[in-house]
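Engineer: Any chance you can model this:
(chains A and B)
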Protein chains: 2
Amino acid sequence: MDLEFLRSLVQPNTTKILLCSLDGLGGLPRPETGRSELETARIPNLHALATRSACGLLRHVGFGITPGSGPGHLGLFGYDPLRYPVGRGVLEALGIDLELKPGDVAARGNFCTVDAQGRITDRRAGRISTETCMRLVERLRRIQVTGAELILESVKEHRFVLVLRGPGLSGRLSETDPQSLGVAPLPVRPLDPEAERTAAMVNGFVDAARPLLEGSTPANMVLLRGFDQQPTLPLFPQTFGLRAAAIAAYPMYRGLARLVGMEVLKTGTTFADEIATLREHWEAYDFFFLHFKDTDKAGEDGDFEAKVRALEQFDARLPDLLGLRPDVLAISGDHATPSVLKGHGWQPVPALISSAYCGADPVSRFTERDCCGGSLGVLPAQELIPLVMANALRFTKYGA
Amino acid sequence: MDLEFLRSLVQPNTTKILLCSLDGLGGLPRPETGRSELETARIPNLHALATRSACGLLRHVGFGITPGSGPGHLGLFGYDPLRYPVGRGVLEALGIDLELKPGDVAARGNFCTVDAQGRITDRRAGRISTETCMRLVERLRRIQVTGAELILESVKEHRFVLVLRGPGLSGRLSETDPQSLGVAPLPVRPLDPEAERTAAMVNGFVDAARPLLEGSTPANMVLLRGFDQQPTLPLFPQTFGLRAAAIAAYPMYRGLARLVGMEVLKTGTTFADEIATLREHWEAYDFFFLHFKDTDKAGEDGDFEAKVRALEQFDARLPDLLGLRPDVLAISGDHATPSVLKGHGWQPVPALISSAYCGADPVSRFTERDCCGGSLGVLPAQELIPLVMANALRFTKYGA
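Structural biologist: Residues are numbered from 1 along each chain as shown, chains lettered A, B, ... in the order given. From the prediction side, this is the model:
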């Protein structure tokens, strides 16, 4: 639904909302047993909670679409990911906790190898070490261009992020990466007339990088792609009238929460740390987004048993969350990561909403198969938040 | 979802997809037993397949809308039938296997009876025999107009199809059929300024037809309606990156598949012929649309028992289809044709998708009632193909 419309329904309340995203929650049956990760795990607390919750399946982005973490979480936050696209460069910056400002243009960079004629011989510079990458990024930080501040951060191995900050920038730029070997990197072209100045700045950066990297073979040149401007989204706290906080041990999810205006709370590296942070700040906010990463990691590794264990570990922590007595507790995920796929999937993701007003449905187990029969049905992910708001008695009636 | 967006997600693969349309699949319970055709039929193979498939109900066009064969199949092919309307004249041409070209204007023709003053006394010319119709159409083929080629084909009884082929035509024309008796046929009027030339051509045809038919009472005049230009649709093979073939014993379904750019394979008149054609061409295509007509015919006749038998006949052939080992097998229909309605209905139509990654749901019988509880939910018909593409691992991730 339109966020402006939802905003018009918001009414004040003191209820507390906890939204847990189990990353990559949805799974698929393992062929040997015919049971999915959720169906295999011993998760008595989740099953008991599902019994007294409204259950269903979230469909992210659209039917058959496999979401990345960006669109997946935007959906959980109430945003239609097709209406609010977030580009690759911005996601890359968010993924290393780089704080972007409105108007910033971000790109993903690769170090690459070129021969004496300037033709690319390796698009990833032999996957140099992260240490080498950091050293070379430090060298590139000397570069200055007129009209914008340049921000450079190393990522992993041959990857880095370039951010341009300044007035009047545009992300409508072609890529320098020709995506093939034996040819020189391309100059950046403006895809819109108003991107001409930004294109000139980026080309200035690349021209300055070339001599600085000469002799640092294999990483003797840079490629830039996925130019994108920080999108301006309606902000979550303003839209829903919530003091909203995000708790995530991984930078990507902190970045996505920051993108929609949530306050990102400092936390540790484990889920136990996250829960401690939640407890510590419980009084200060109306809404908490709590991220649990291990389910996705195990699924990406194709490690069915590890994903089962991750679910059991979350289940063991669930009483801690219930102990805080949230008025509304919603549990779902940003996409499926079935172990048998070893990656993200398009399959719908189990979801539950627990509150004093969530109603009764026949679901008594928190699994893909059982949630099919829940009162939420199969619903677009971005419709979860309106339901959460309603259960928190934070939406007024529409129409007299 | 937008077809351009879907196209941007396509990734190459070698997986094979089989989409079976059981025409008019959905039914209604017979009052005496409370069981629908699917619930009455002995269809063990379909039930077993449903058990290991993702199931749901397809809603064609919109809630409460009864689709014709055109919109019904466009939905199955991934097109929103409200966004891509196909007019009556074009459907009539497709229904007799007339190959239209982009820009062609088609109309449905009736022979009618007029009195000495030219006033209509029978809009269907006493339903003349198909042989008489063929003979009169042959006579009308002598007519020539400036600026377009005229193509005339007889249909059944008093019906024929008129196609104009040439540059700069328009289908925005009023009808000559006044839909009442005692008045003369109307001249064609352009509904848009750019249709003026085409209107003049059609009026020229009608003026030339009048003397040619004089004396051939009761079929001594023609009525034209449903003018429509061949729509330009995004093509299915290009949109989804699939070498796509259609196998249908009935011309209407071949025509609809041709309209979206599928290759139409020559086949015989029975479903056994269709399966033989499928087997013969299995290696040459990525995607097959296979049409099964008998369910609809029986439903239209109001013959509950015949529809039950047709379902059982399809079920008996299902092992042949499974024997080809498609990576994705989808089975559904273009609309309901409940025997108790003796015609098309608006009721949602059972659908299943079977693949290695379709996931588990509680459905173990392929019936209207059981498919309610499936993991696909109740979904717009045009969302079936994106799901099929995902299950064939032919869509890449959206967003990082």
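
Engineer: Check the gap between residue A:108 and chain B for me.
Structural biologist: 9 Å (CB to the nearest CB, to the nearest Å). Where you see a C-beta, it was placed from the backbone N, CA and C, and this is true even at glycine.

Engineer: could you dump the helix or strand harbouring that residue to CSV, C-alpha only?
Structural biologist: For residue A:108, the enclosing helix or strand under DSSP states H and E is strand A:105-114. The C-alpha trace of strand A:105-114 is given here as CSV (Å, rounded to 0.1, in the frame of the first residue of the first chain):
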residue,chain,number,x,y,z
VAL,A,105,26.8,8.6,-5.6
ALA,A,106,28.4,5.2,-4.9
ALA,A,107,30.1,2.7,-7.2
ARG,A,108,31.6,-0.6,-6.8
GLY,A,109,35.3,-0.7,-7.7
ASN,A,110,37.5,-3.6,-8.6
PHE,A,111,41.3,-3.5,-8.9
CYS,A,112,42.3,-5.1,-12.2
THR,A,113,45.3,-6.0,-14.3
VAL,A,114,46.1,-4.2,-17.6
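
Engineer: Helices of the stretch 251-400 of chain A, start to end?
Structural biologist: Taking DSSP state H, counting those that start in this stretch as the criterion, the stretch 251-400 of chain A carries its helices at A:251-259, A:271-281, A:294-300, A:304-323, A:368-371, A:384-391.

Engineer: Can you say which of these is nearest to residue A:131?
Structural biologist: helix A:251-259 (19.4 Å; CB to CB).

Engineer: Quick check: residue A:7 is in a strand.
Structural biologist: No. Under DSSP: H, G, I helix; E, B strand; the rest coil, residue A:7 sits outside any strand and is assigned helix.

Engineer: Spatially nearest residue to it (excluding sequence neighbours)?
Structural biologist: residue A:239 (4.9 Å; CB to CB, 6 or more residues apart in numbering or on different chains).

Engineer: Can you report how many residues lie near the residue of the stretch 251-400 of chain A found nearest chain B?
Structural biologist: The stretch 251-400 of chain A approaches chain B most closely through residue A:378 (3.2 Å), counting by CB to the nearest CB. The number of residues packed near residue A:378 is 21, by other CB atoms under 10 Å in any protein chain shown.

Engineer: do residue A:280 as well
Structural biologist: Residue A:280, neighbours per other CB under 10 Å, totals 12.

Engineer: same question, residue A:232
Structural biologist: Neighbour count for residue A:232, taken as other CB under 10 Å: 10.

Engineer: tell me the SS of the nearest residue to residue A:348 once chain neighbours are set aside?
Structural biologist: Closest residue to residue A:348 apart from its sequence neighbours, by CB to CB, 6+ apart: residue A:57 at 3.7 Å. Counting by three-state DSSP, the backbone at residue A:57 sits in strand.

Engineer: returning to that earlier point: contacting residues around the residue nearest to residue A:7?
Structural biologist: Shown in contact with residue A:239 (CB atoms under 8 Å, 6 or more residues apart in numbering or on different chains): A:3, A:6-7, A:10, A:78.

Engineer: Ok, which of the helices of the stretch 251-400 of chain A comes nearest residue B:103?
Structural biologist: Set against residue B:103 and scored by CB to CB, the helices of the stretch 251-400 of chain A come closest in helix A:384-391, at 46.4 Å.

Engineer: in the stretch 151-300 of chain A, which spans are strands?
Structural biologist: Per DSSP state E, counting those that start in this stretch, the stretch 151-300 of chain A carries strands over the ranges A:159-165, A:221-229, A:244-247, A:263-264, A:287-292.

Engineer: Show me what the first one packs onto, helices and strands only.
Structural biologist: Yep, that's strand A:159-165 we're talking about. Counting contacts by 3 or more CB pairs under 8 Å, 6 or more residues apart in numbering or on different chains; DSSP states H and E, strand A:159-165 is packed against helix A:88-95, strand A:105-114, helix A:130-140, strand A:149-154, helix A:196-213.

Engineer: List phi and psi for the residue nearest to residue A:349 when sequence neighbours are not counted.
Structural biologist: Leaving out its chain neighbours, the residue that sits closest to residue A:349 by CB to CB, 6+ apart is residue A:26, at 4.0 Å. Per-residue torsions, residue A:26: phi -60, psi 150 (degrees, to the nearest 10).

Engineer: Check residue A:26 and give its pLDDT.
Structural biologist: Per-residue confidence (pLDDT) for residue A:26: 96.

Engineer: Kindly tell me how buried it is, as a neighbour count.
Structural biologist: The burial count for residue A:26: 32, using other CB under 10 Å.

Engineer: Is it correct that residue A:216 is in contact with residue A:136?
Structural biologist: Yes. Between residue A:216 and residue A:136 there is a contact at 6.2 Å, judged by CB atoms under 8 Å.

Engineer: Bridged to residue A:67, which residues?
Structural biologist: For residue A:67, the beta-bridge partners are residue B:398 (DSSP bridges).

Engineer: how about residue A:2, what does it touch?
Structural biologist: Not one residue lies near residue A:2 by CB under 8 Å, 6+ apart.

Engineer: swap in residue A:314?
Structural biologist: Applying CB under 8 Å, 6+ apart, we find residue A:314 in contact with A:22, A:43, A:46, A:271, A:292, A:294-295.

Engineer: which among these end up buried?
Structural biologist: Neighbour-count burial (16 or more other CB atoms under 10 Å in any protein chain shown) applied to these gives A:22, A:43, A:46, A:271, A:292, A:294-295.

Engineer: Now render the residues you listed as TSV, adding pLDDT.
Structural biologist: Output for those, formatted as TSV (pLDDT from 0 to 100):
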residue	pLDDT
A:22	98
A:43	98
A:46	98
A:271	97
A:292	97
A:294	96
A:295	97
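
Engineer: re earlier: pick out whichever of residue A:216 and residue A:136 has more residues nearby.
Structural biologist: More crowded of residue A:216 and residue A:136, by other CB under 10 Å: residue A:136, with 24 against 17.

Engineer: Thought residue A:217 was touching that one, still the case?
Structural biologist: No. With contact defined as CB under 8 Å, residue A:136 and residue A:217 do not form a contacting pair (11.4 Å).
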